[in-house]
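> let me see the structure of the following:
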Amino acid sequence: MNFTALLITLVSAFLISSATGLWLIPFLRRLHYGQTILDIGPAWHKSKQGTPTMGGLMMVIGLIVSVLAGWATLHLSGSGIADASEGGSFYLFGGVLMALGFGLLGFLDDYIKVVKKRNLGLKAGQKSLGQLLVAVLYLAAEYIFAPHTTLWIPFAGEFDIGFFYYPVMLFIIIGAVNAVNLTDGIDGLASSVTMVAAMGFLVISSIEGFVQMNLLAAALAGVCLGFLVWNFHPAKVFMGDTGSLFLGAAVCGMAFALDMPLVLILVGLVYILETLSVMIQVTYFKLTHGKRFFKMTPIHHHFEMSGWSEVKIWTVFVSVTCVMCILAGIGVMNRF
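Coordinates of the predicted model:
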């Protein structure tokens with residue numbers, strides 16, 4: 001591993017992401033690109049009305065620049081050649097491009113919400129089609145540049161699932177991206193959980209010798225930390241769908257680069273629980289003709305309605321992610 005490249009990536013990601021907030025947040029305020037708080041949410045969230053959104057651009061800019069800086073350092077030193085992963089460069093830049101694709105969809109959604117004053121943003125069909133297109137393009141590129149149909153399962157081993165690999169991966173990408181989007185509901189939650197997940201992936205990729213994968217993980221951890229400077233409670237900016245969809249795709253990119261997408265079940269347990277809570281709520285509501293299983297979903301809002309502070313929810317959810325990252329590390333040890 002080239003520690004110089006890794007350090008440059010991590011530090012530049014943090015500095016660029018945090019420093020971008022110095023001009024982007026006032027710029028968004030001047031344009032009145034503020035968050036609209038819906039009446040269906042917790043009443044105390046009304047105080048957040050007008051907080052600048054689309055702050056995910058800070059992370060997008062930081063990740064692109066830091067990955068390029070780290071990659072250039074890596075190859076100038078000659079270390080990029082000694083990458084244990086097949087298709088190392090594809091998974092690095094493919095992951096970045098997939099994240100940018102989903103980030104662009106999120107940006108369009110945010111733009112319609114805050115500029116066109118259409119609260120629901122893109123129509124459901126438009127969102128689904130856009131996400132499907134980006135995911136299919138990524139998988140098509142993987143088929144061309146790093147073809148394989150094997151799936152590595154933590155604690156179990158590697159299995160070749162043949163043709164089913166691609167529809168399963170399509171489901172995982174779209175599901176994971178939207179799960180991260182659901183997690184972005186209180187100050188600092190999605191960025192913190194994703195930062196911990198990125199650090200977990202960084203440790204695993206370092207052990208496996210996936211040199212270029214390290215850069216993506218370090219960059220993602222760095223931009224999340226830089227964004228937290230402005231997004232931790234009380235938040236001065238929200239990431240919007242620009243940021244949440246971007247983060248979700250970047251997390252998928254890391255899991256694919258390690259050739260173990262299903263490790264997201266462990267590392268991304270918080271994302272999964274957020275999604276399951278919504279599915280349970282909707283199903284229960286329909287079956288009982290209007291009754292609710294949770295006080296409100298996603299589940300972080302249930303805890304809010306139960307009297308938990310945002311900081312307490314943040315602490316518990318981030319702690320759970322830390323524990324699950326350790327468990328994921330144990331689960332992949334038999335691969336080494």
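
> now stretch 99-111: buried residues?
99-111 (16 or more other C-beta atoms under 10 Å). All C-beta spots, glycine's among them, are computed from the backbone N, C-alpha and C.

> ok, those vs residue 331, which is closest?
Nearest to residue 331 among the buried residues of stretch 99-111: residue 99, at 24.9 Å, using C-beta to C-beta.

> where does that closest one sit: helix, strand or coil?
Three-state assignment for residue 99 (DSSP: H, G, I helix; E, B strand; the rest coil): helix.

> so what's it up against?
60, 63, 246-247, 249-250, 253 (C-beta atoms under 8 Å, 6 or more residues apart in numbering).

> so which of these is the most crowded?
Within the contacts of residue 99, most neighbours by other C-beta atoms under 10 Å means residue 247, with 35 neighbours.

> touching, it and residue 224? I think so.
Yes. With contact defined as C-beta atoms under 8 Å, residue 247 reaches residue 224; the gap is 7.4 Å.

> got any residues that touch both of the two?
Counting by C-beta under 8 Å, 6+ apart, the common neighbours of residue 247 and residue 224 are 59, 191, 194.

> could you dump the residues you listed to a markdown table with pLDDT?
What follows is those, written out as a markdown table (pLDDT from 0 to 100):
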| residue | pLDDT |
| --- | --- |
| 59 | 98 |
| 191 | 97 |
| 194 | 98 |
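
> ok, those residues vs residue 165, which is closest?
residue 194 (25.3 Å).

> tell me how far the closest one lies from residue 235.
Distance of residue 194 to residue 235, given as C-beta to C-beta, to the nearest Å: 15 Å.

> likewise for residue 266?
Going from residue 266 to residue 235 by C-beta to C-beta gives 28 Å.

> quick one, which of residue 194 and residue 235 is more surrounded?
More crowded of residue 194 and residue 235, by other C-beta under 10 Å: residue 194, with 31 against 21.

> nearest residue to the more buried one in space, please, no chain neighbours.
residue 247 (4.8 Å; C-beta to C-beta, 6 or more residues apart in numbering).

> return the residues in contact with that neighbour.
Residue 247 touches 56, 59, 99, 180, 190-191, 194, 220, 224, 239, counting by C-beta under 8 Å, 6+ apart.

> inside strands: which ones of those residues?
Judged by DSSP state E, the subset of the contacts of residue 247 located in strands is empty.

> could you list which of the residues you listed belong to helices?
Of these, the ones assigned to helices by DSSP state H are 56, 59, 99, 180, 190-191, 194, 220, 224.

> residue 64 and residue 135, how far apart?
Applying C-beta to C-beta, one obtains 20 Å for the distance of residue 64 from residue 135.

> who has more neighbours, the two?
Neighbours per residue (other C-beta under 10 Å) separate residue 64 from residue 135, with residue 135 holding more: 22 against 17.

> what's in contact with the helix or strand hosting the more buried one?
In the assignment (DSSP states H and E), residue 135 maps to helix 124-145. Applying C-beta under 8 Å, 6+ apart, the external contacts of helix 124-145 come out as 87, 90, 94, 97-98, 101-102, 105, 108-109, 121-122, 166, 169-170, 173-174, 177-178, 249, 256.

> export the shared contacts of residue 247 and residue 224 to a markdown table and tack on distance to residue 30?
A markdown table is the format used below for the shared contacts of residue 247 and residue 224 (distance: C-beta to C-beta, whole Å):
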| residue | distance to residue 30 |
| --- | --- |
| 59 | 21 |
| 191 | 24 |
| 194 | 29 |
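
> from these, pick the one nearest residue 314.
Among those, residue 191 lies closest to residue 314 (C-beta to C-beta), at 10.2 Å.

> what number of residues lie near the closest one?
28.

> how close does it sit to residue 296?
22 Å.

> then residue 287?
Going from residue 287 to residue 296 by C-beta to C-beta gives 18 Å.

> now swap in residue 198 and tell me
29 Å.

> contacts only, for the closest residue in space to residue 66 that isn't next to it in sequence.
Nearest residue to residue 66, sequence neighbours excluded (C-beta to C-beta, 6+ apart): residue 13, at 3.7 Å. By C-beta under 8 Å, 6+ apart, the contact list for residue 13 reads 62-63, 65-66, 218-223, 226.
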